[in-house]
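1. I would like to see how this sequence folds:
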Amino acid sequence: MAPLDLPPNRALDAAAAYQFRQVLQAYESKEYKRGIKLADAILKRFPTHGETLAMKGLITYNTGAKDEGWELVKKGLRHDIKSHVAWHVYGLMHRAERAWEEAMKAYVNALRFEPEQQVILRDLANIQAQLRVYPGLVETRKALLKRTPDDRSATTALAVAYHLAGDPKAADRVLEAFETDKLLVKPRNSPEHSMVTLYHNTVIAATGDIDRALTHLNLTGGAILDKLELKERRAKYALALGRYEDAQKYYLSLLDINPDCYAYFRGYTAARQISNTDQDALLAVYKELQKKYPRSTAVKRLPLDFLTGEKFVEAADAYLRGRLQKGVPSTFVDVKALYTSEEKANTIEKLVLGYLAVLEHDQDAPLQTLTPNGTKRDAPTAYLWTLYLLAQHYDYTRALPRALELIDRAISHTPTLVELHMGRARILKHLGKVGEAADAMNAARELDLQDRHVNTKSTKYFLRADANGEAIQTISLFVNTTLGGGAIGDLAEMQSLNFLLEDGISWARQGLIGLALKRFHQVKKAVDLWADDQYDFHAYCFRKSTLDAYVDMLKWADNSLYGNVQYRRCVRAAVSILIALHRDPSLNTGFPPDSPTATDADRKKDRKRIQKIRARVSKDATREPDKKPEKDTNADYVRKPDLDPLGDTLLQDKQPLQTALTYITPLRAALPTDVEAVCLEADVRLCLGEFGKVFGLLESVAEEVDGDVWITPRAVALWCAVTDEGTITRSDVERAFFGGHPPSTDFQITNLLSITAYLDILNTLDASTIPPSHEQAILNVLTNTRKLSYHDSLAIVNRLVAVDAEVGGRVKDGLNERWRP
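-> The predicted structure is shown next:
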């Protein structure tokens, strides 16, 4: 007989109840065929048993029949809507689909009917951590700890929940109570106990009680296995507490371990209570340390940051000589940070020119003969590395013809050195010769075919030159193309964001926006997967006690996962394409628009070229695996074929602006006050006609940023879009952003962003004349911006020509004078 306390639609007899438990076991052990067979046996006798229907749906879903699985689970829930099992299964289904909010709602409903169910509570806690619902997470962890008060992982989980919710004092109380009342015998040589102890110390420090944090370290130091972390924390805490003698001792012990760590040297000098402006005292300390650590590079490099005048000349001279004599390729990268000071940059140039003058007279001359006390002869490669350093210097300061001359001399001296060819490629790139730069980088790659770094660089340079075919062939040397999908399939699966992003931007430049959107979609998919993959760590990190790393991961994900440079570039490029698709739906053909000046023959030739590109990309992306797996065998993994290799389906999007918002929303969530993210959303909302939201977005950041660069172009566009009637009027826009006056083209140009903003304003207001003052300002910015290549300058000039051909021509002539090789 069925139990009397169960509802009639849930009651099973003893045999069926036993079979249902076996269904649960079959699901947990992934015996799906057996589980479905058992569920069918129950349903034959109890066809409306909701929990069995739900479990059969869950198992069916995991066999790949997702639609049938969903139908069964929903049917089971309809038959027994008060079953915690059915609601839990419904939550598991949503969790599998990464629909975290819906999964959380299902778990909450399950707990309404079975509030003591520990498995559901654990699943709910993981979802709450994923969604950063920290107040709810605290309550769930409390409920779990109440059921297992002696479980240390449950205790630390509650402490972490309090910490994440912004209450480190409560977290400290939880950990302290467990260690006092439950952990009477402290484990020895236990990695888990060591990591929990370090985390407890982190929590104590987060409360602001640094004195107690240091005392805690001293009391529990024997249990901490990570002795380096122990010493670093002691040094940091002692310095923060003003215990300078102890801090000096701790930092010196750290320097004994790693005498090339900049942070240790800076900590030690801070413990010596020396002001950063007191050059003499700082230099004296570093000279002491140079005697103690004669083989340290950092102790010789760090004084260059604060020294000036003759003392800087002397220190830089000694440092550069040593690096050139040893033949260190990264010397310029090391000293590049000093170039924020024009005086130091000029000093380095004079010193290296002096070395070159001597070495040109006699390439075997000892570099040390330039100093009175030098007797040691330098390496015979000093001349080579001096040329290389000087070429990099002129490249950085954009004296590109001189840089190219020097790097060519270095290559003629030693033509087989990879770094020289890479340096030449970089100089050519800055000259705007992207095709020659790609060839030069490929020449560097061919000198060392096993170097992944040079292969990656060569691929990137090919993409910058829009040679996508050569790029994919180059990178194919280091990817697995045997599993199907070709090289691009492997790169997408391996989440190679740099390649996908550069490839997409290249296709966008060529007008193949379908392929561009495909690559941007793959970038977004990869970043979304990283965000979803956090879920696995919400349980794992408590089992393994990696609590500090767990908290750091969550903080990193909140700030940098969607806020990283690659994703920002992806959003910027994808949104611009999707807005263009909204404005001109005819772009969805997959072919770039024809040039108005092209002849019929040119159009035919260009279309044939594009068809070849599309055929090549499609053939590579749909490539069959080298070996097909046999059925019902544990064959090697094979990729699923890409059903839209060219992005044609993405081009047929009927709501491109809504798709653009799916790119922007996670960026806005990660960086809510970031002006670029706000302006991107404003651009999309403006196209949607949501003028009130656009006004609010611009107003929210107008006081925090340079309005001329970011806000003014959007405010001008908003002013042009609205009328004198409606929720937002032109008068509202004028009062908020233009001092009560209509917008004008009177705009201050000081940097590249301001040039772009000025051109946007001119286009919006249909202005076609650029005054001489603005012309000169634009030319000054384009010729004096160090990180701007000739190629990128021409892209801006082309926009100028579209507005005012005469001014654009004069600016182009001025650029040619500046950049002439």
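2. In the protein, where is pLDDT below threshold?
-> Applying pLDDT under 70 to the chain flags the ranges 1-6, 8-9, 362-379, 628-638, 704-708, 818-821.
3. Helices along the stretch 301-450 of the chain, start to end?
-> Taking DSSP state H, counting those that start in this stretch as the criterion, the stretch 301-450 of the chain carries its helices at 303-306, 309-326, 331-335, 342-361, 382-396, 400-413, 418-430, 434-447.
4. any chance of those helices in JSON lines, plus distance to residue 456 and mean neighbour count?
-> From N, CA and C alone the C-beta is placed, and that goes for glycine too. JSON lines is the format used below for the helices of the stretch 301-450 of the chain (distance: least, CB to CB, whole Å; neighbours: other CB atoms under 10 Å):
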{"stretch": "helix 303-306", "distance to residue 456": "31", "mean neighbour count": "19"}
{"stretch": "helix 309-326", "distance to residue 456": "26", "mean neighbour count": "17"}
{"stretch": "helix 331-335", "distance to residue 456": "17", "mean neighbour count": "18"}
{"stretch": "helix 342-361", "distance to residue 456": "29", "mean neighbour count": "16"}
{"stretch": "helix 382-396", "distance to residue 456": "20", "mean neighbour count": "24"}
{"stretch": "helix 400-413", "distance to residue 456": "21", "mean neighbour count": "19"}
{"stretch": "helix 418-430", "distance to residue 456": "11", "mean neighbour count": "23"}
{"stretch": "helix 434-447", "distance to residue 456": "9", "mean neighbour count": "21"}
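5. could those helices be laid out in CSV, adding distance to residue 577?
-> Output for these, formatted as CSV (distance: least, CB to CB, whole Å):
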stretch, distance to residue 577
helix 303-306, 44
helix 309-326, 46
helix 331-335, 35
helix 342-361, 40
helix 382-396, 33
helix 400-413, 32
helix 418-430, 25
helix 434-447, 22
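6. ok, residue 34 - how many residues close by?
-> 16 (other CB atoms under 10 Å).
7. Ok, residue 696 next?
-> 13.
8. Mind telling me what element it is part of?
-> Here residue 696, judged by DSSP states H and E, is contained in helix 691-701.
9. for stretch 699-713, how far is the first residue from the last?
-> 13 Å (CA to CA, to the nearest Å).
10. go on, stretch 300-309?
-> Taking CA to CA, the first and last residues of stretch 300-309 lie 17 Å apart.
11. Just the buried residues of stretch 33-53, please?
-> For stretch 33-53, a neighbour-count test (16 or more other CB atoms under 10 Å) marks 34-36, 38-39, 41-43, 46, 49-53 as buried.
12. Now compare these and name the two farthest from each other.
-> The span of these, defined through CB to CB, is set by 34 and 50 at 21.2 Å.
13. Leaving out the residues flanking it, which one is nearest to the most centrally placed residue in the chain?
-> Nearest residue to the geometric centre of the chain (CA atoms, centre = their mean): residue 564, 3.1 Å. In space, and not counting its chain neighbours, residue 564 is closest to residue 527: 8.0 Å by CB to CB, 6 or more residues apart in numbering.
14. roughly how far out does stretch 736-746 sit from the chain middle?
-> 37 Å (CA atoms, centre = their mean, to the nearest Å).
15. same deal with stretch 384-396?
-> Distance, centroid of stretch 384-396 to centroid of chain: 31 Å (CA atoms, centre = their mean).
16. Then stretch 509-525?
-> How far stretch 509-525 lies from its chain's middle: 18 Å, per CA atoms, centre = their mean.
17. now do stretch 449-465
-> 20 Å.
18. Same question for stretch 396-403.
-> 31 Å.
19. End to end on it, go ahead and measure it.
-> 9 Å.
20. Enumerate every residue touching residue 189.
-> By CB atoms under 8 Å, 6 or more residues apart in numbering, the residues touching residue 189 are residue 225.
21. and it, which of the three is it?
-> Put simply, residue 189 is coil when judged by DSSP: H, G, I helix; E, B strand; the rest coil.
22. Begin at 16, not 1, for the rest of this chat.
-> New numbering, starting at 16: the last item is residue 204.
23. what sits against residue 140?
-> Applying CB under 8 Å, 6+ apart, the residues contacting residue 140 are 152, 155, 156, 159, 172, 176, 553.
24. Recalculate using a threshold of 7 Å.
-> By CB atoms under 7 Å, 6 or more residues apart in numbering, residue 140 lies in contact with 152, 155, 156, 159.
25. hmm, back to that, what is the subsequent helix or strand relative to the helix holding residue 711?
-> Under the assignment DSSP H and E, the closest C-terminal helix or strand after helix 706-716 is helix 726-736.
26. Which strands and helices lie in contact with that next one?
-> Packing partners of helix 726-736 (3 or more CB pairs under 7 Å, 6 or more residues apart in numbering; DSSP states H and E): helix 690-703, helix 706-716, helix 745-752, helix 767-779.
27. Same question for stretch 303-319: list its buried residues.
-> Neighbour-count burial for stretch 303-319, counted by 16+ other CB under 10 Å, picks out 304, 308, 311, 312, 313, 314, 315, 316, 317, 318, 319.
28. out of the residues you listed, who's nearest residue 115?
-> residue 313 (45.3 Å).
29. okay if I get the helices and strands packed on helix 726-736 as TSV plus distance to residue 817?
-> As requested, the helices and strands packed on helix 726-736 are arranged in TSV below (distance: least, CB to CB, whole Å):
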stretch	distance to residue 817
helix 690-703	20
helix 706-716	26
helix 745-752	26
helix 767-779	8
